[in-house]
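Trainee: Need the 3D shape of this:
(chains A and B)
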There are 2 protein chains.
Amino acid sequence: MLARELGVAPGRAARRVRRIDEVAVGPSALGADARAALAAVCAMRDDHAVRVLHAAGKGYPDLVRLRAGDARSAPDAVVLPAGHDEVRAVLDVCARHGVAVVPFGGGTSVVGGVEPLRGPHRAVVSLDLGQLAGGIDVDERSRTATVDAGLPLPALEAALAGRGLTLGHVPQSFEYATVGGCVATRSAGQASSGYGRIDDLVLGVRLAAPAGDLDLPAMPASAAGPDLRELVVGSEGTLGVITRVTLQLAARPAVCADEGVVFGSFAEGMEAFRALAQAGALPEVARLSDEEETRVQLALAGGGPAGALAGGYLRLRGVAGGAMAILGWEGEREDVRRRRRHAAALLRRHGAVRLGPAPGRAWRRGRFRGPYLRDELLDRGVLVETLETAAPWSRLPRLYRAVGDALRGALGRAIVMCHVSHVYVTGASLYVTFLAAARPGEELAQWRAAKAAASEAIVAAGGTISHHHGVGRDHAPYLRAEVGALGLAALRAAKAELDPAGIMNPGKLLVA
Amino acid sequence: MLARELGVAPGRAARRVRRIDEVAVGPSALGADARAALAAVCAMRDDHAVRVLHAAGKGYPDLVRLRAGDARSAPDAVVLPAGHDEVRAVLDVCARHGVAVVPFGGGTSVVGGVEPLRGPHRAVVSLDLGQLAGGIDVDERSRTATVDAGLPLPALEAALAGRGLTLGHVPQSFEYATVGGCVATRSAGQASSGYGRIDDLVLGVRLAAPAGDLDLPAMPASAAGPDLRELVVGSEGTLGVITRVTLQLAARPAVCADEGVVFGSFAEGMEAFRALAQAGALPEVARLSDEEETRVQLALAGGGPAGALAGGYLRLRGVAGGAMAILGWEGEREDVRRRRRHAAALLRRHGAVRLGPAPGRAWRRGRFRGPYLRDELLDRGVLVETLETAAPWSRLPRLYRAVGDALRGALGRAIVMCHVSHVYVTGASLYVTFLAAARPGEELAQWRAAKAAASEAIVAAGGTISHHHGVGRDHAPYLRAEVGALGLAALRAAKAELDPAGIMNPGKLLVA
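Mentor: I've put the predicted structure just below:
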């Protein structure tokens, strides 16, 4: 299929390095004084392997460079503080020695958020939060957990499971993502239409900033002025290091019931999703693929029962395309039953045909597999990348067309497919995946052209530059269009107060 | 009852001025140049009546001073810009002439938020948003309305009613409150347990700051860095003037069903409310009075059916006190029926006895009457004031006791009563009303002592200094305890960027 549609040679293996010691890093720029001072305050490593492993995130350009053996972006060292006080000590040393600090949680940023840029500084260290992963303090009465920021989401969920609780936050990076990384990047999870985004779940936060500690207590709600939590959430390591977070929890669901439905078109499906949201009838997981993504999914599913069923339905309707949706219901058995009944009536009214649980189960089985499939596609010479945005319902159809047109225009022969990934009363997000034949040696230029075209289209059509991937390095040039010069200046002023020497994650978020 | 419990003389009428022309204002400090420049850019008034009407908000100290004929706090003039551009022109003139600007919406602040303080400036004007009240732009698909900030809430609801929509935001100040005032003060309404607080409903906002415009587009959600909307929400006029807001709407409810229930104790009622919130079974309105407030309410209800019913129940239980709650259900008929059934089971399990619709109807009839009753009480020589806080469930019992003890300690012979006014998964708010015999001529000192004792108790017990009244002048000394010195510094840095000359609402929010 890829050969036919994109013109890539079947089975062709793109060249890439195979072992970590084939990857080149530059010499460490960390001075002996700074190195000794850092080693004196916490665990530190600057061997080849650890530097390579902290050289990049998981965006397409990151992978292209690493596969080519290029980790010149590697940090000069990696520090591994074991607690808030060690983080503070690291920041003090770095401010004194002119060393930039890049917080590193799960390392899964797809927007260049963890790339160790030096900015105007002499050296750069990655601050790996992997040792800051203990201290799970659950307040069952208040349904909150206060945890160290480096705690990986699976470890948190394992600790909560025994108490019948869940955070319910499942980004595609779930296997690696940390609590602090989610908060720092203002993430959404696959079930956030139900459980809420991380910004809905953060009640309190502790930030170690170069200028001192910012300790915002957990409150259910407050009118005590502007909400500083919302300054820390999404700050992407540019203000300081999030060391501890208090999060709202939910009851662990007794039932997870997934199902597939198919609509006559993406437009009809969007209307159905809007109706569900505005009737308070949303499932926890709500994903709606456009006709192109539906077609590709059915091709991938091949002769499986879900594919056959959906394919049969589409032929029956005699339409060129249909739009498949996954609905994931989580909760108490009786509650799920009632909510599904309510939603079913609305879905019928919007022409949905139910495909039963098979497509839903397939989705849940494969919910974290996209990034692994991407490695396979890169091996086969395919450029593959995703991007996402959101807008109010009334702007969504135009935004959808604009992004698709921009990508097809920039890429030429390509597969550009989209799904609605998160649904709100007032609008929804669009998640776009695009594939094209990679031009060997020119992958980065090809990617930059596509990314720029899509980003400009998003801005022009009134979408947000990111719904859940964050800003990082890649989206920073577009933040000004969204929040204005004065908004950017206000953020920069707050940063200057918290990080006077500008050592925190330079080159990200606030550079435009 | 007041005579018996507080020692006020029955029927005694406190002295107060009766006509607006008996109220003294000082000479206007506005220079001729500044006055001419302001008059050139928008409507302006500096007659006696308009200055008195903008001299204060509606807190107890405001009323005490005005009733004594003292409006020396009056602004030097009142400007009435008719649109965003006129607001901008006013700010330019004021920055040039060293004139402080106090945004004035409904004028109902109970924390000194609209008091026209000059700060270091030569003069001060109230910027009345009453002329900025048109332009209701409803996006029915996206369920949003974009409106001028000076629009009063009743006018907004009237405009939405014909479309089957509502904002669902009903603070006790509803009759006077403006959209912009709600946003600026991070308000909650009586039904916010259901519809969400104003910070949940603001999707986009336009702020005219002295340094320029901050225009944050309406988005259903975004990961584009820190959320600047949350810097504007709750900024209380210290960063600029909110001129336009985009708000999320809800379907106008077909049914509003109110009911009363009574619990064996306030503690049992709180457990029941916690169970409702954590089961997703909350009504739109959820109010739970403590034993003291229940006792006073029953005394006020006298021989009415609700009073008799609840009183009979309490005697039956043989308890010294019981705790009455009001539950207000709003929505589609079938939906309300189902939700009430779900809640009823939980309420039964927590020992609630249902009192039927009468107490709920009585509450809805009187929902805006508290402030009018206060005028009557002041006439009778009673000091009466309210304050509020919030905390996670696990801290709530201690917070409740601490605030009550502090007030009783400061006031001596007093009625101190409390209700839970807003309920969340992770905690709730406490709304405290206190009454004592006013000491003529010393009312302000008496109030200051009580207010300080309560505020210090709130801070020490880990509550927020305000759940929905805001910070203003009265709570400003306690903000540092909540957000820390660095949090305050970050807010000040953002303010310095948006308002370099510091003309916006000096003496409020960020002074501590």
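Trainee: I'd like the mean pLDDT over stretch A:495-512, please.
Mentor: Per-residue pLDDT values over stretch A:495-512 give a mean of 96.
Trainee: I should have written stretch A:117-131 there, sorry.
Mentor: 97.
Trainee: Off-centre distance for that stretch?
Mentor: With CA atoms, centre = their mean, to the nearest Å as the basis, stretch A:117-131 stands 21 Å off its chain's centre.
Trainee: Counting neighbours, which bits of that stretch end up buried?
Mentor: Residues A:117, A:118, A:121, A:123, A:124, A:125, A:126, A:127, A:128, A:129, A:130, A:131 are the ones in stretch A:117-131 that count as buried (16 or more other CB atoms under 10 Å in any protein chain shown). The way it works is simple: take the backbone N, C-alpha and C, and place the C-beta from them, glycine included.
Trainee: Look up how far chain B lies from the first one.
Mentor: Same thing as residue A:117. 17 Å (CB to the nearest CB, to the nearest Å).
Trainee: what do you get for the third one?
Mentor: Taking CB to the nearest CB as the measure, residue A:121 falls 22 Å from chain B.
Trainee: Can you tell me how far that residue is from residue A:32?
Mentor: 16 Å (CB to CB, to the nearest Å).
Trainee: sorry, back to before: closest to chain B among the buried residues of stretch A:117-131?
Mentor: residue A:117 (17.0 Å; CB to the nearest CB).
Trainee: and the nearest residue to residue A:80 once chain neighbours are set aside, what are its phi and psi?
Mentor: Spatial nearest neighbour of residue A:80, chain neighbours left out: residue A:43 (4.2 Å); criterion: CB to CB, 6 or more residues apart in numbering or on different chains. Per-residue torsions, residue A:43: phi -60, psi 140 (degrees, to the nearest 10).
Trainee: wait, what's in contact with residue A:43?
Mentor: A:79, A:80, A:81, A:82, A:131 (CB atoms under 8 Å, 6 or more residues apart in numbering or on different chains).
Trainee: which residues of chain A score low on pLDDT?
Mentor: For chain A, the stretches with pLDDT under 70 are A:12, A:302-320, A:512.
Trainee: which helix is the longest one in it?
Mentor: helix A:476-498 (DSSP state H).
Trainee: angle of it against helix B:476-498?
Mentor: Orientation check (axes from the mean of the first three to the mean of the last three CA atoms, to 10 degrees): helix A:476-498 against helix B:476-498 gives 130 degrees.
Trainee: is it possible to export the buried residues of stretch A:117-131 to TSV including distance to residue A:276?
Mentor: Listed next are these as TSV, based on distance: CB to CB, whole Å:
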residue	distance to residue A:276
A:117	43
A:118	48
A:121	49
A:123	52
A:124	46
A:125	47
A:126	42
A:127	42
A:128	41
A:129	37
A:130	40
A:131	43
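Trainee: Could you export those residues as CSV, including secondary structure and distance to residue B:146?
Mentor: As requested, the buried residues of stretch A:117-131 are exported to CSV (DSSP: H, G, I helix; E, B strand; the rest coil; distance: CB to CB, whole Å):
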residue, secondary structure, distance to residue B:146
A:117, coil, 39
A:118, coil, 44
A:121, coil, 44
A:123, strand, 49
A:124, strand, 44
A:125, strand, 46
A:126, strand, 44
A:127, strand, 42
A:128, strand, 45
A:129, helix, 41
A:130, helix, 46
A:131, helix, 48
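Trainee: Just list what the longest helix of chain A packs against, helices and strands only.
Mentor: Helices and strands touching helix A:476-498, by 3 or more CB pairs under 8 Å, 6 or more residues apart in numbering or on different chains; DSSP states H and E, are helix A:443-460, strand B:212-216, helix B:476-498.
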